[in-house]
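K.L.:
okay, sequence plus prediction incoming.
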Amino acid sequence: AILASIARRVHTVEKIEELSLRAKTTLDNLGFNNVIYHVADGSRGCVYPGPFDQIVVTAAAPAIPTPLLEQLTDGGIMVVPVGERTHQILLKVTREGHDYRHERLCPCVFVPLLGAGGFLDEDEEDY
């Protein structure tokens, strides 16, 4: 709701369809009609209609997923928690042409990002 109240348009990617539908119902009830919902692997981002000026990742990844970096515009900023399942560092990543500048913001703990560029499902073994 915060992003929808300050941005012209928000694209949200959720792997679990039920959670995406619940978010849509909540934001619709609050009167937000500028949110586009995608049910997909969040670690792969949302190629269309990217690239994006800002990306906010709300689940922790073991490393910054490359597809998300590629979906930033030049000068674009991404905020992403990176680290272990139990603790991470919140990073601010700024794209500068083909390079990326990383700034460590603070320690944090987020739920794990599951998918190709995230952690394995808890039902799978981590090799």
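P.N.:
Arrived safely.

K.L.:
what does the helix or strand of the chain with the lowest mean pLDDT contact?
P.N.:
When each helix and strand of the chain is scored by mean pLDDT, DSSP states H and E, helix 2-6 comes last, with a mean of 90. For helix 2-6, contacts defined as C-beta atoms under 8 Å, 6 or more residues apart in numbering pick out 10, 27, 32, 34-35, 56. Glycine gets a C-beta too; all of them are placed from N, C-alpha and C.

K.L.:
measure I16 to I2 for me?
P.N.:
To I2, I16 is 21 Å away according to C-beta to C-beta, to the nearest Å.

K.L.:
and what of V111?
P.N.:
18 Å.

K.L.:
quick one: which of the two has more around it?
P.N.:
V111 (11 against 8; other C-beta atoms under 10 Å).

K.L.:
show me the contacts for E103.
P.N.:
E103 makes contact with 91-94, according to C-beta under 8 Å, 6+ apart.

K.L.:
just list whatever residues bridge to it.
P.N.:
Legend: beta-bridge partners of E103 under DSSP bridges are K92.

K.L.:
who does the longest helix along the chain touch, helix- and strand-wise?
P.N.:
Ranked by residue count under DSSP state H, the longest helix found in the chain is helix 17-29. If contacts are counted by 3 or more C-beta pairs under 8 Å, 6 or more residues apart in numbering; DSSP states H and E, helix 17-29 sits against strand 10-14, strand 35-39.

K.L.:
packing partners for the longest strand along the chain?
P.N.:
Ranked by residue count under DSSP state E, the longest strand found in the chain is strand 72-83. If you count contacts as 3+ C-beta pairs under 8 Å, 6+ apart, strand 72-83 packs onto strand 52-56, helix 66-70, strand 88-96.
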